[in-house]
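*Asks:* Next input, structure requested:
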Amino acid sequence: EFEAQGNRALIFVARGRNFAAAEQWREACQELSAALELDPENPDTNILHAWVIYNLPYRDQLAQYAACRSRIEIQLQRDDCNPEGYYYIARMSEDIRSMADAAEFYSTVLSLDPKHVAAREGLERVRTHPSLGEGHESPEGGRLFGALRSLFGRS
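*Replies:* Prediction:
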């Protein structure tokens, strides 16, 4: 029974990812909600679900940003090596024009997954944005690895 539920959840997640890739946010939300009913503790699914919800139309974009970012950050506390969670926060930060924050999160994604093409493109985009003036470069390795370096006393 447990294995069958897990397999059904994976099917819902796969369909949700396909809908999200096609920017069919409502359909993606329905599929991911169904997956979370079967496997509510899955950080990957919770992170993707928050990203999909962020992309649904809302009147108050800042409230939507805060709620979805908070949900992703909670999941990153459970799985702090999830590049997609940091990538989605970077994208959301870029949307609200918080370019230094976005650059930091894109750097974190690239520290975790150096081949993440979208994060590399995002980092280049925000680094060349006029609002990110001199002296606002993110530390090498981004937030996660910068915190680890300071914890262990390395620079």
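*Asks:* contacts, neighbours, all on C-alpha from now
*Replies:* Will do.
*Asks:* Report the contact partners of the nearest residue to H49 once chain neighbours are set aside.
*Replies:* Spatial nearest neighbour of H49, chain neighbours left out: L32 (6.0 Å); criterion: CA to CA, 6 or more residues apart in numbering. Contact analysis of L32 by CA atoms under 8 Å, 6 or more residues apart in numbering lists 12-13, 16, 45, 48-49.
*Asks:* Just read off the phi/psi values of L32.
*Replies:* As for L32, its main-chain torsions (degrees, to the nearest 10) stand at phi -70, psi -30.
*Asks:* where's it relative to W25, distance?
*Replies:* Going from L32 to W25 by CA to CA, to the nearest Å gives 10 Å.
*Asks:* hey, which helix or strand in this protein has the poorest pLDDT?
*Replies:* Within the chain, no helix or strand scores below helix 142-151, which has a mean of 49 by mean pLDDT, DSSP states H and E.
*Asks:* Name the helix or strand for Q30, please.
*Replies:* Assigned by DSSP states H and E, Q30 falls within helix 25-38.
*Asks:* Only alpha carbons, please: show that helix as CSV.
*Replies:* Output of helix 25-38 as CSV, limited to C-alpha atoms (Å, rounded to 0.1, in the frame of the first residue of the first chain):
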residue,chain,number,x,y,z
TRP,A,25,0.1,26.9,-13.2
ARG,A,26,-3.4,26.0,-12.2
GLU,A,27,-3.1,22.4,-13.6
ALA,A,28,0.4,22.1,-12.0
CYS,A,29,-1.0,23.2,-8.7
GLN,A,30,-3.8,20.6,-8.8
GLU,A,31,-1.3,17.8,-9.6
LEU,A,32,1.2,18.8,-7.0
SER,A,33,-1.6,19.2,-4.4
ALA,A,34,-2.6,15.6,-5.1
ALA,A,35,1.0,14.5,-4.7
LEU,A,36,1.3,16.3,-1.4
GLU,A,37,-1.9,14.6,-0.1
LEU,A,38,-0.1,11.2,-0.6
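*Asks:* Following the chain past it, name the next helix or strand.
*Replies:* Per DSSP H and E, the first helix or strand lying C-terminal to helix 25-38 is helix 43-55.
*Asks:* Tell me which residues are up against that following helix.
*Replies:* 13, 20, 25, 28-29, 32-33, 35-36, 40, 64-65, 68-69, 71-72, 75-76, 78-79, 82, 84-85, 88.
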